[in-house]
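In: Need a 3D model of the sequence below.
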Amino acid sequence: MSTSSLRPLPNGRLAQLSRRAAEYGAALALDDPRELADRLYRYNSMPAGRELGGVAERWTGGGEGLPVESRRDGIWEVRDASDAPPLEGPMYKLYVSPVPADTARAFDVLLSELGAPGGPFSAKAALEPPSLFRPDRIVGYFATRGACLATARRIAPRLAGMTAQGVPFTAALGRSGLLSWGADPPPAVAQTLPEHEQSWRRWLCARLAEAILAERGISNSAASAAPADTALAALARLHAAGVPPDWTPPWR
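Out: Alright, predicted model coming up:
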């Protein structure tokens, strides 16, 4: 993967997926911003298929032998490097989003970078249904944007041939939608936010839900605009408030 192919694509597949997510949200008959935000957050999850039920059992447990700690955190299988750095700035996130059948293999590829120089200091995957079918099921964590993008460059050839599912509201790395990135807010910002908005995508979906409801005119029951028009206006609000059209995070 070349440096140029890592540039976010304002009109690429993930940007289009994010616009479709906004249209979906605008079409929902919901007036609760938190419920609407949750539906936006889960957009592009795949329906469970019986043929994929054994993915967790087929996971090979990649990363064995590395200086890492293994733990379970709710739905997540987590691997932490033993020398995780203290964070004062944003926490950068690399999303790896193949279709569910490739989850175990893709997680193994990411784990091979865990603890290496410039690699992630932590990685997690949702390996069991129903969370296995969410798009953001594999995530690597980094202290710097440079390390995040460098890891994406290194692992991209080893992920070649996998079909992408794609994570809405993330900045694309390449055209397929298989790799993308985001960044959770710095601790000083996160502590001012509600707990359910302290991740990049949760925060963004909350802002988009508010924008959709504002454009829909919930306060005066005016909801005559077509969902596509409402979504377009809501996205314009979001971008005017500082979220770029290519979905790169505003945290610096």
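In: Only C-alpha atoms from now on, for both contacts and neighbour counts.
Out: Will do.
In: close enough to count as contact, residue 198 and residue 184?
Out: Yes: with contact defined as C-alpha atoms under 8 Å, residue 198 counts as touching residue 184 (6.8 Å).
In: For those two, list the residues in contact with both.
Out: Common contacts of residue 198 and residue 184 (C-alpha atoms under 8 Å, 6 or more residues apart in numbering): residue 190.
In: Those two: which is more packed in?
Out: Just comparing residue 198 and residue 184: by other C-alpha atoms under 10 Å the higher neighbour count belongs to residue 184, 23 against 19.
In: so where's the chain shaky on pLDDT?
Out: 1-11, 49-68, 218-224, 252 (pLDDT under 70).
In: where's residue 250 relative to residue 13, distance?
Out: Separation of residue 250 from residue 13 (C-alpha to C-alpha, to the nearest Å): 21 Å.
In: Same check on residue 46?
Out: Distance, residue 46 to residue 13, by C-alpha to C-alpha: 17 Å.
In: With residue 171 instead?
Out: Distance from residue 171 to residue 13, counting by C-alpha to C-alpha: 10 Å.
In: Looking at those two, which is more packed in?
Out: Between residue 171 and residue 13, counted using other C-alpha under 10 Å, the more crowded position is residue 171 (29 against 17).
In: That one contacts residue 180, correct?
Out: Yes: Residue 171 is within contact range of residue 180, at 5.3 Å (criterion: C-alpha under 8 Å).
In: what about the strands in this structure?
Out: 68-73, 76-81, 91-96, 122-125, 138-142, 171-172, 179-184 (DSSP state E).
In: how much does the third one deviate in direction from strand 138-142?
Out: Orientation of strand 91-96 against strand 138-142 (axes from the mean of the first three to the mean of the last three C-alpha atoms, to 10 degrees) gives an angle of 150 degrees.
In: Check the first one too.
Out: Going by the same axes, to 10 degrees, strand 68-73 is angled at 130 degrees with respect to strand 138-142.
In: mind checking how far strand 68-73 is from the chain centre?
Out: 21 Å (C-alpha atoms, centre = their mean, to the nearest Å).
In: now the third one
Out: Centroid displacement of strand 91-96 relative to its chain, using C-alpha atoms, centre = their mean, is 7 Å.
In: What ranges does the chain have for its helices?
Out: Using DSSP state H, the helices assigned to the chain run over residues 13-27, 33-41, 55-58, 103-111, 145-159, 187-190, 200-216, 227-240.
In: Would you format the ones you listed as a markdown table with distance to residue 93 included?
Out: Listed next are the helices of the chain as a markdown table, based on distance: least, C-alpha to C-alpha, whole Å:
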| stretch | distance to residue 93 |
| --- | --- |
| helix 13-27 | 16 |
| helix 33-41 | 16 |
| helix 55-58 | 23 |
| helix 103-111 | 12 |
| helix 145-159 | 7 |
| helix 187-190 | 15 |
| helix 200-216 | 9 |
| helix 227-240 | 21 |
